[in-house]
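Asker: Structure of the sequence below:
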Amino acid sequence: MATAGKSLTGLVAATFTPLTPQGEINLSEIEPYIDYLVEKQGVKSIFVNGTTGEGMSLSVEERKTLAEEWCQKAKGKMDQVVVHVGCLSLKESQELARHAVEVGADGIAVIAPSFFKPSTADALRRFLQEVASSAPSLPFYYYHIPAVTGVTLQAKDVLAGIEKLIPSFMGVKFSSTDLVDFGLCVSSSQPHWSLLYGVDEQLLGALPMGANGAVGSTYNYIGGPVNQLISAFEKGDLSQARAIQFKVQELITYAKDQGFDVGVNKQLMSEVSGLCLGPPRLPLLPRPHSHALAIAQKYHSLFTEKH
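Answerer: The predicted model follows:
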């Protein structure tokens, strides 16, 4: 894997956590999962134990076991493995951060606590600082996802002066549709930061704003087309970039009409990839297989069938 400090750019797949039918973590699927991302999707960086990975529904020990397995199996195959270590408990976040160093992660990310919520940007920065200080050698990313955490602080306010508190700070995973806030983060960023956009259906809107990477769940199975989108944008071929983005939007809109959540998304990935990723963990419930099958058919009509 990459040496610490290397910029995280391009597509990053937010990985699902493989579970057995009984709901236990299934490590045997991780190596073929990595091979699928690299060989079939052209995706060589991953973000593990995050929202898509149901990280907040896993125990600390499960998260450690998964982080170690992802890092070990990715060696020599992937560029970067970023481990999400955010928890409601500061002590548990610090424990996971220290563990990420031990297992050879390339970076760590932290979500805002969502039960006792930070009321100010300063409070959140201090929480992030305490976690980062437990792994000062690893690049640190703030994971901004207000629709899930309920923490509505502007990311630009959280990032203000953050390098003074966190010397290892390397960027933000920005999972919000607020492109004004994102633009203000970019305009005040340092040259070595990674500005990673996390709303897959409007990535093309974030690229000219300054996004230099993207983290998302759909890149598990449409990484190839979205790599083409980024390439087209970089070449100035906006017509081609838009055509691909419109297909992504059509797929995600259709999926949402089918009751798209992490569980259905996980079923869809299993259907498309042939991997056995298992059910979601409670309180998420499995949906009828027909939902994932319908989305998979839409996926194939948009991205694999020749027109």
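
Asker: show me where the stretch 101-250 of the chain has helices.
Answerer: Per DSSP state H, counting those that start in this stretch, the stretch 101-250 of the chain carries helices over the ranges 121-132, 146-149, 155-159, 162-165, 179-187, 203-206, 219-234, 238-257.

Asker: May I see the buried residues of the fourth one?
Answerer: Right, helix 162-165. Across helix 162-165, burial judged by 16 or more other Cβ atoms under 10 Å covers Ile162. The way it works is simple: take the backbone N, C-alpha and C, and place the C-beta from them, glycine included.

Asker: got it, and the fifth one?
Answerer: Neighbour-count burial for helix 179-187 flags 179, 181-186 (criterion: 16+ other Cβ under 10 Å).

Asker: got these as TSV, with pLDDT and distance to Leu285 columns?
Answerer: Converted to TSV, those look like this (pLDDT from 0 to 100; distance: Cβ to Cβ, whole Å):
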residue	pLDDT	distance to Leu285
Leu179	97	33
Asp181	98	33
Phe182	98	33
Gly183	98	38
Leu184	98	38
Cys185	98	35
Val186	97	38
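
Asker: Nearest to Leu90 among the residues you listed?
Answerer: Cys185 (24.3 Å; Cβ to Cβ).

Asker: how far away is that closest one from Pro167?
Answerer: Remark: distance between Cys185 and Pro167 (Cβ to Cβ, to the nearest Å) = 19 Å.

Asker: Over to His84?
Answerer: 20 Å.

Asker: Of the two, which one has the most company?
Answerer: Taking neighbours as other Cβ atoms under 10 Å, His84 and Pro167 compare with His84 leading, 28 against 11.

Asker: does that one have beta-bridge partners, and which?
Answerer: Beta bridges link His84 to Ala109, judged by DSSP bridges.

Asker: contacting residues for it?
Answerer: Residues near His84 by Cβ atoms under 8 Å, 6 or more residues apart in numbering: 47-50, 53, 55, 108-111, 143.
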